[in-house]
Every structure is written in structure tokens, then in C-alpha cells.
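Peer 1: Prediction below, plus the sequence it came from.
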Amino acid sequence: MKRSLTAVAGYFGRGNFGDDWLYQAWLNQLNGAENTVEWPRVWPGWLLNRTIKRAVFLGGLFQDLTSRRSLAWYLLAAALARRRAEEGVSFEAASIGPIGRPMSREWMKRFLSVSASQMRFVVRDEASLELLRRWAPSVEARLEPDPTWSAPWPLPSIDPDETIGLLLNGSLRHGDLLQALSAVAIHPKLAGRLVLILSHPASDQWQAKWLMRHAGRVWPTIVYRPGGIEEFLSRMNRCRALISLRLHGAIAGLRAGRPVAGFEPPGLPGALEKIRTMALPPGRRLEWFGAQRRLLDWLEAGTGILTPKVLS
């Protein structure tokens, strides 16, 4: 008798806090209603010989900012899943882009045009929804907040300490960003208070080392360990405010009731647009800065602490 399975693929299980937390939140939403199997641990040989109920791709998989090969791999996996899934393919908590290379854009457009009738997108940011409507008007797509917004919150309410967390993103190597981060890190308002947060250590470690070397200072760090979602959230929860270059770091800060700022210098148009345009539940607000000066002004807004005016 054929077993009815849902195959789920994503970047979880590879030491990235955001993807691990997303996967945990998505499973919580299912509440055991579906029998799931993870890719790629049993893919592709397993999938070639099995029919599945549906295939689900989680998170921001379709981008070429970090690797063009990664984009090609997930497009190939989705094309194969489309042939084997009885109910088609779902892309949930999806984020499309940035896709900068012309060849990568052509791959994505062709995939969408060929597979439109067998795919459903639930995207977590307005930029992705706009791109889908432009590239594939017939694809079923809707906007919803990331599942981590509704996941059980494991932490009690606490009074934070005086630290300010800077959540790094090592996939961004642009000189403009590094110089801006350095200027923020050595800002007098952060003296003795800055903590560097590495949510994906394999990617972020070099950026932390660069900042310390460039500034001639050593800052304490909060580092995500695989499987340690609650511990990582608990350590971030002690910060009075966050400056986040990663989406799930921003969500974690907002859920903890902390002021959170996103930041994208002028030299990086669109690189962090997924954070700026993410779907927010009612009453939540992310303060966004497109210039270093405005972010520094935000740091100056309080007397000794950041003013929590940016979050209701």
C-alpha cells in the first residue's frame, strides 16, 4: 500500500538559525496532520521511485546572492517534485530573489512559465509577491507573515540589559555595507554595549572578524549552535535593541518586544528588500534605514538607551 507523504525541502539542518526556526514553526503549524519526510536526505533516489502527496519548499531558496548553483539545484528539485507530487508543489514562507545574474533570471522565468499551473506560493514579503506577479501572472500566490510570527514563544518576559545586538549577514560582502557597519559599531552610543550576533556562524564568522580587525576592538558574540533555537533566542532576548541584517533575527527581536532596526546602505539596492517589505502582523513595525546617518540618528534618539518608539 502506498504511503501518503509530504516531502519538505529547505536550508534547515545546516547550522542556520533562521531556517531551523522556520522549519520548527512550520512543523508546529501542521500539528502532526501530515506525514513528512525531509529532503535532500532521501533525495533524489528515493523520490524517483515514490509518489508523494505534495512537495513543500520552505524559505528563501530562489536567489543567487550566495550561490548560482544553489538556485539551479532547487529549481531542478522543484521540477522533479512537480512530476512526482499528486497535489503539486507548494512554496511556503517563500522569498524570491535577489536574482541578479541574467542567466539566473532566465532560469527562474522559464521555470515559472512551464510549471505555473502546478505550483502555489505563499510569500512572506511584498517584493517577492510583486516579482511573481510580474514574471508569472498566472501563478497562484498570496502574502502571509512568516510562520515564526505565530510559533509558540518559549521565553518569559524579562527586563533587558544595556547591550545592543548587531545581527550580521556574512553573505553580504559589499564594501559599502562593511564600511557602514564599521562606522555604526564604533559609534560612541554603543561603547561597551555592542554584541555581535552570528545566526549562521559558517557564513557570518568572517564578517565579525573583519569588523574587529578593522575597528581594532574585540566585541562579545552570541553564536547559534545547531539545535539550540531556544538558547539562542534567550541570549538575544537580553539585548535592549537589535540592528538586524537578517529577517528571522528581526522577527525574533520584534516578538521579544525590542526596538529593531533594519539597515541597507545605498550601495546595496534591493539586497535586503525582503526584510524591508516583509509581511508584518498587526501592531508590529520594523524601523528601516537606507542610510548610515539615519541609523546613527536612531542610536542617538535615547539618553543611554534606545527609545522604543519604533515598536508598539
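Peer 2: Yep, it's here.

Peer 1: Now tell me what touches stretch 191-200 from outside.
Peer 2: Here stretch 191-200 makes contact (CB atoms under 8 Å, 6 or more residues apart in numbering) with 15-18, 162-168, 170, 185, 204-205, 208, 211, 219-224, 232, 236, 239, 242, 246, 248-249. C-betas here are computed from N, CA, C, even on glycine.

Peer 1: Which of the residues you listed fall in helices?
Peer 2: Among those, the residues falling in helices (DSSP state H) are 17-18, 185, 204-205, 208, 211, 232, 236, 248-249.

Peer 1: Would you mind putting those into CSV with neighbour count, pLDDT and distance to residue 63 alongside?
Peer 2: Formatted as CSV, the ones in helices among the contacts of stretch 191-200 follow (neighbours: other CB atoms under 10 Å; pLDDT from 0 to 100; distance: CB to CB, whole Å):
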residue, neighbour count, pLDDT, distance to residue 63
17, 26, 98, 18
18, 24, 97, 14
185, 19, 92, 27
204, 25, 97, 17
205, 15, 97, 21
208, 20, 98, 23
211, 21, 96, 24
232, 22, 97, 24
236, 26, 96, 25
248, 23, 96, 15
249, 28, 96, 18
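
Peer 1: what residues are up against the residue nearest the centre of the chain?
Peer 2: Nearest residue to the geometric centre of the chain (CA atoms, centre = their mean): residue 247, 4.1 Å. Listed by CB under 8 Å, 6+ apart, the contact set of residue 247 reads 18, 60, 95, 124, 146, 274-275, 278.

Peer 1: chain center to the helix ranked longest in the chain, what's the gap?
Peer 2: For the chain, the helix that runs over the most residues, judged by DSSP H, is helix 68-84. Helix 68-84 sits 20 Å away from the centroid of its parent chain (CA atoms, centre = their mean, to the nearest Å).

Peer 1: Strand partners (parallel or antiparallel) of whatever helix or strand comes next after that helix?
Peer 2: Heading C-terminal from helix 68-84, the first helix or strand you meet, by DSSP states H and E, is strand 89-94. Here strand 89-94 is paired, per DSSP bridges, with strand 54-58 (parallel), strand 119-123 (parallel).

Peer 1: Of those, flag the one that's most buried.
Peer 2: The highest average neighbour count among the strands paired with strand 89-94, using mean count of other CB atoms under 10 Å, belongs to strand 54-58 at a mean of 23.

Peer 1: which residues are in contact with that strand?
Peer 2: Outside strand 54-58, the residues within contact range by CB under 8 Å, 6+ apart are 6-10, 12, 19, 22-23, 26, 74, 77-78, 81-82, 84-94.

Peer 1: Repeat that for stretch 164-172.
Peer 2: Contacts with stretch 164-172, where a contact means CB under 8 Å, 6+ apart, come from 65-66, 181, 184-185, 190, 193-200, 203-208, 222, 236, 239-246, 249-250, 253, 268, 271-272, 299, 306.

Peer 1: which residues sit in contact with residue 217?
Peer 2: The contact partners of residue 217, by CB under 8 Å, 6+ apart, come to 185-186.

Peer 1: mind listing the strands for this structure?
Peer 2: Secondary structure of the chain, counting by DSSP state E: strands at 6-9, 36-38, 54-58, 89-94, 119-123, 140-143, 164-167, 194-198, 221-223, 241-244, 260-263, 287-289.

Peer 1: For residue 215, find the nearest of those strands.
Peer 2: When the strands of the chain are ranked by distance to residue 215, counting by CB to CB, first place goes to strand 194-198 at 9.8 Å.

Peer 1: For that closest one, which strands pair with it and how are they oriented?
Peer 2: strand 164-167 (parallel), strand 221-223 (parallel).

Peer 1: Which one of the contacts of residue 247 is nearest to residue 155?
Peer 2: residue 18 (17.1 Å).

Peer 1: so who does the closest residue to that closest one other than its chain neighbours touch?
Peer 2: In space, and not counting its chain neighbours, residue 18 is closest to residue 248: 3.3 Å by CB to CB, 6 or more residues apart in numbering. Taking CB under 8 Å, 6+ apart, we find residue 248 in contact with 17-18, 21-22, 146, 148, 199.

Peer 1: What of residue 275?
Peer 2: 125, 244-247, 250, 262, 286, 288.

Peer 1: ok, now with 10 Å
Peer 2: Shown in contact with residue 275 (CB atoms under 10 Å, 6 or more residues apart in numbering): 95, 125, 127, 169, 244-251, 260, 262-264, 286, 288.

Peer 1: how much space between it and residue 25?
Peer 2: Going from residue 275 to residue 25 by CB to CB, to the nearest Å gives 17 Å.

Peer 1: And residue 308, what's its pLDDT?
Peer 2: Looking at residue 308, its pLDDT is 43.

Peer 1: If you could redo that for residue 12, that was the one I meant.
Peer 2: Predicted confidence (pLDDT) for residue 12: 91.
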